[in-house]
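Colleague: Turn this into a structure:
(chains A and B)
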Amino acid sequence: MDLRFTDDELAFRDEVRDFFRSALPDSIRRKMIDGHHPSKEDLVTWTRILNAKGWAVPHWPVEWGGTDWSPVKQYIFREELQKTPAPEPLAFGVNMVGPVIYTFGNEEQKRRFLPRIANLDDWWCQGFSEPGAGSDLASLKTTARRDGDHYIVNGQKTWTTLAQHADWIFCLVRTDSSVKKQEGISFLLVDMKTPGVTVRPIQTIDGDHEVNEVFFDDVRVPAENLVGQENKGWDYAKFLLSNERVGIARIGISKARLRRVRELASLERVGDVPLIEIPRFREKLAAVEVELKALEMTQLRVVAGESRREKGKPDPASSILKIKGSEIQQATTELLMEVVGPFALPYHPEEEGRNEPIDGPDWASTAAPTYFNWRKVSIYGGSNEIQKNIIAKAILGF
Amino acid sequence: MDFDLSEEQRLLKDSVDRLMADRYDFESRRRYAKEPEGWSRELWGAYAELGLLALPFDEAHGGFGGGPVETMTIMEAFGRSLALEPYLATVILGGGLLHHGGREEQKAEYLPQVAAGDLRLAFAHTERQSRYDLFDVAATAQRDGGSFVLDGQKSVVLHGDSADRILVTARVAGSRRDREGIGLFLVDAAAPGLSRRGYPTQDGQRAAEIALDSVRVDAANVIGDPENALPVVERVADIAMAALAAEAIGAMDEMLKLTVDYLKTRRQFGTTIGSFQVLQHRSSEMFIALEQARSMAMFAAMMAQDENVEERRKAIAAAKVQIGRSGRFVGQQAIQLHGGVGMTMEYKVGHLFKRVTMIDTLFGDADHHLSKLAEAGGLMAA
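Modeller: Below is the predicted model:
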């Protein structure tokens, strides 16, 4: 047992760190540090920089643009990216539908979609949740009825993140209502420009437009857009969700934010004393750092075990990563709120432009929206309560 | 990065696990506790035979050159079985102080005896006023020609009642809370002027109050620099905390296992209570707390011998915080989920709970270490 990175791994870390520092455009870095969302153009620009380097989809198979990095190096890469802080490539493409396509799709689908995902030529969104199918996802009602060489899709998806930018949506649709609910679901790729697809924005409590409702009204989808076999979509969805959970701990993002909290708390003064020297505050901060260190070690244990695990079968311990990862991310946003203090109050909607001077320190305006927005992380990707069900079942045997 | 045990480490783990499974069930433990010293001489002999008592020492002194990972393996097994023997006091603390602070001839004389199971040691350091500050030493050591004369009072000396020799800290120079001026002395338990009063501890182990009244120690039994023993004491305390973290993991793991078994067999309202989601979630939370603590116990093992003292101290403090918090949560919930049964002296889970509770109070509790860590600038530099 040697829990240190090897020399080779350390050299690799330095290499990716240097690259991220030099290649990330300053304007994007500034937005990330200040807690603003990168724009669509920012993400396209950054993804193409990564793709030109061959690093847009390092976890994919080599033949589709991936690398042969070990799980530990994959982890280092992701962590350094988050710590920079640089935007992560669009998860719906590279972490979700991409792996489903190269694992379960046919050759034609792989050739058609994968290179465009890696280069962010196609912006993908996720059509899973429905108004009546959240935690109980398998009860989804959107239907796809076969009609010659097409499916006719009818129904509604919701919480569809960044659908307003999307070229494509991958959907779970019901193709058989006569069987057990998990056994009548298929995985279908739908062009967002198809007639009958409507996107309606949902404004979230932080004032942002991140999620949407997507309506399907007699949408004709070519049958060749079915991934894998009809009625096997639930298996592909479980595969996708378990992949989603591994990246969800977001150690690097929490590290970057804690660093930011520490930095700002040494600038802010309480009377004559920097906030960071107030014992109650710095102990709260240290407590979150301890939790994060523990989670980092847990993540590394999962990563190190990855090469021994059956392919596509995630460690149920990854539910710990989801639960603790989201709790820690939320705790970091609370600490940032505490640093900002009264200057959390002024509201500066992002859409209304930035011509007016901001009231208070210019790093303060995102604290409250970030805190509000990040309540989502314990809800999405399988809520933390669902994760506890998974642990109880998979590990404790209930 | 590699989380696997080496072949030798795996063999060690298998043999310790087997020994404890064969000879340290809860009924046997009850019997061992009733022996005159409060632990089993027979098991002590078995540990010596397996090489456990020689583990951290150099081969030249009859040891195996094992590191914190080997210690972690043993302590986890001890934690699971609630072993009563003075392994921490003798091998980790006493042996550790000699190994890391002693001169060659001191090591050559005493460590082989420890390894063979013939010599029990204890570390007399804590005083009434010192709480968790390792530098707070009021006991004095006056130079008198070539020797020292020790006076003072030492409290909660783990296994101090059955030790043959006792490592004592006393102040040679400076005032009570100075980091410098502390000496470390190896004192025969039968030395004139040393008196001790042994007593049982809350977790079924033993400790002693030790009084030093003009106890003469000759120069040959000074360990290291007589005016600067603190770095060695801190170093060994860190190793001990890493070992205790592993012991706590063993105890927590056992508590979770017993709790899950209980939830699967106990029936109420016509069904096993493990079918209730509120109890499933609680046990999932126990699992998370345990695994987070396990990660930090591994981190502590990795950092316990780190050359960078500041990083080492922060890492151990962080681990102690996590172990303390997880231990409290897992322990309290294990009792709660067992209901009344968990409250009884005849059932194991309460004893595990008591042990992890007491581990938190050894070398600084979670709050103490959180405060130290925060003061030192936290784990992640800005």
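
Colleague: distance of A:P279 from chain B?
Modeller: A:P279 is 7 Å from chain B, where distance means CB to the nearest CB, to the nearest Å. (Glycine included, C-beta is placed from N, CA and C.)

Colleague: count of neighbours near that residue?
Modeller: 11 (other CB atoms under 10 Å in any protein chain shown).

Colleague: ok now do it, which residues does it touch?
Modeller: B:371, B:374-375 (CB atoms under 8 Å, 6 or more residues apart in numbering or on different chains).

Colleague: A:S365 and A:H36, how far apart?
Modeller: 9 Å (CB to CB, to the nearest Å).

Colleague: Of these two, which one has the most company?
Modeller: More crowded of A:S365 and A:H36, by other CB under 10 Å: A:S365, with 24 against 17.

Colleague: nearest spatial neighbour of that one, skipping sequence neighbours?
Modeller: A:H348 (4.8 Å; CB to CB, 6 or more residues apart in numbering or on different chains).

Colleague: That neighbour contacts A:A364, correct?
Modeller: No. A:H348 lies out of contact with A:A364 (CB atoms under 8 Å); the separation is 9.7 Å.

Colleague: the more surrounded of these two?
Modeller: Neighbours per residue, other CB under 10 Å: of A:H348 and A:A364, the larger number sits with A:A364, 25 against 16.

Colleague: a helix runs through the more buried one, doesn't it?
Modeller: No. Under DSSP: H, G, I helix; E, B strand; the rest coil, A:A364 falls outside any helix and is assigned coil.

Colleague: Phi first, then psi, for it.
Modeller: With angles defined as degrees, to the nearest 10, A:A364 sits at phi -80, psi -20.

Colleague: got it, and B:Q205?
Modeller: Phi and psi for B:Q205, reported as degrees, to the nearest 10, are phi -100, psi -170.

Colleague: Please apply the same query to A:W55.
Modeller: Dihedral angles (degrees, to the nearest 10) for A:W55: phi -120, psi 20.

Colleague: Go ahead and build a ChimeraX selection from the buried members of the contacts of A:P279.
Modeller: Buried residues within these, by 16 or more other CB atoms under 10 Å in any protein chain shown, are selected in ChimeraX with:
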select /B:371,374
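
Colleague: Turn the contacts of A:P279 into TSV, including pLDDT.
Modeller: Formatted as TSV, the contacts of A:P279 follow (pLDDT from 0 to 100):
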residue	pLDDT
B:S371	98
B:A374	97
B:E375	96
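
Colleague: and which of the contacts of A:P279 is nearest to A:V290?
Modeller: Checking the contacts of A:P279 against A:V290 with CB to CB, the nearest one is B:A374 at 10.0 Å.

Colleague: So which residues make contact with the helix or strand containing the closest one?
Modeller: Take DSSP states H and E as the rule and B:A374 turns out to sit in helix B:366-375. The contact list for helix B:366-375 (CB under 8 Å, 6+ apart) reads A:279, A:282-283, A:285-287, A:289-290, B:131-132, B:313-314, B:316-318, B:320-321, B:323-325, B:328, B:360, B:364, B:379.

Colleague: Likewise for stretch B:277-287?
Modeller: Under CB under 8 Å, 6+ apart, the answer for stretch B:277-287 is A:320, A:385, A:387-389, A:391-392, A:395-396, A:398, B:255-256, B:259-260, B:263, B:273-274, B:329-330, B:333-334, B:336-337.

Colleague: Mind checking which of those are buried?
Modeller: A:320, A:387-389, A:391-392, A:395-396, A:398, B:255-256, B:259-260, B:263, B:273-274, B:329-330, B:333-334, B:337.

Colleague: State the distance from the residue of chain A most remote from its centre to B:Q268.
Modeller: In terms of distance from the mean C-alpha position of chain A, A:D272 ranks first, at 40.9 Å (CA atoms, centre = their mean). A:D272 sits 60 Å away from B:Q268, going by CB to CB.

Colleague: With A:F372 instead?
Modeller: 42 Å.

Colleague: Out of the two, name the residue with the larger neighbour count.
Modeller: In this view A:F372 and B:Q268 are compared by other CB under 10 Å, and A:F372 has more residues nearby, 16 against 9.

Colleague: was I right about that one contacting A:I205?
Modeller: Yes. When contacts are counted by CB under 8 Å, A:F372 is listed as touching A:I205 (4.7 Å).

Colleague: Please report the number of neighbouring residues for B:R176.
Modeller: For B:R176, the count of nearby residues is 16 (other CB under 10 Å).

Colleague: Spell out the residue ranges of the strands in the stretch 1-150 of chain B.
Modeller: For the stretch 1-150 of chain B, applying DSSP state E, counting those that start in this stretch gives strands covering B:121-124, B:140-144, B:147-158.

Colleague: before we move on, what about the stretch 251-382 of chain B?
Modeller: B:267-268, B:271-272.

Colleague: what residues does the stretch 151-300 of chain B put near chain A?
Modeller: Counting by CB under 8 Å from any CB of the partner chain, the stretch 151-300 of chain B comes close to chain A at B:260, B:263-264, B:274-275, B:277, B:280-281, B:283-285, B:287-288, B:291-293, B:295-296, B:298-299.

Colleague: Up against chain B, what does the stretch 151-300 of chain A have?
Modeller: Proximity of the stretch 151-300 of chain A to chain B, by CB under 8 Å from any CB, involves residues A:255, A:258-259, A:262-263, A:266, A:279, A:282-283, A:285-287, A:289-298, A:300.

Colleague: repeat that with 7 Å
Modeller: Contact residues, the stretch 151-300 of chain A versus chain B (CB under 7 Å from any CB of the partner chain): A:255, A:258-259, A:262-263, A:266, A:279, A:282-283, A:285-287, A:289-290, A:293-295, A:297-298, A:300.

Colleague: can you give me the strands for the stretch 151-300 of chain A?
Modeller: Using DSSP E, counting those that start in this stretch, strands in the stretch 151-300 of chain A cover A:168-174, A:185-191, A:197-203, A:209-222, A:226-227, A:269-270, A:273-274.

Colleague: and the residue lying closest to B:S15 once chain neighbours are set aside, how many neighbours?
Modeller: Once flanking residues are discounted, B:S15 sits nearest to B:L50: 5.8 Å by CB to CB, 6+ apart. Neighbour count for B:L50, taken as other CB under 10 Å: 16.

Colleague: For chain A, give me its nearest residue in the stretch 51-200 of chain B.
Modeller: Of all residues in the stretch 51-200 of chain B, the one sitting closest to chain A is B:V69 (5.0 Å; CB to the nearest CB).

Colleague: For that residue, give its distance to B:L98.
Modeller: Taking CB to CB, one finds B:V69 at 21 Å from B:L98.

Colleague: Quick check: most distant residue from the centroid of chain B.
Modeller: Farthest-from-centroid check, chain B (CA atoms, centre = their mean): B:G270, 44.1 Å.

Colleague: Can you get me a residue count around A:V94?
Modeller: A:V94 - counted by other CB under 10 Å - has 26 other residues nearby.

Colleague: That one reaches A:N51, doesn't it?
Modeller: No. Look at A:V94 against A:N51 with CB atoms under 7 Å: they stay out of range, at 10.1 Å.

Colleague: Enumerate every residue touching B:K314.
Modeller: Shown in contact with B:K314 (CB atoms under 7 Å, 6 or more residues apart in numbering or on different chains): B:373, B:376, B:379.

Colleague: Beta-bridge partners for residue 150, please?
Modeller: Let's take chain A. A:D147, A:P222 (DSSP bridges).

Colleague: right idea, wrong chain: chain B
Modeller: Beta-bridge partners for B:L150, by DSSP bridges, are B:A141, B:V215.

Colleague: Now do the same contact list for the closest residue to chain B within the stretch 51-200 of chain A.
Modeller: Evaluated by CB to the nearest CB, the stretch 51-200 of chain A has A:V72 as its residue closest to chain B, separated by 5.0 Å. Neighbour list for A:V72: A:9, A:303-304, B:1 [criterion: CB under 7 Å, 6+ apart].
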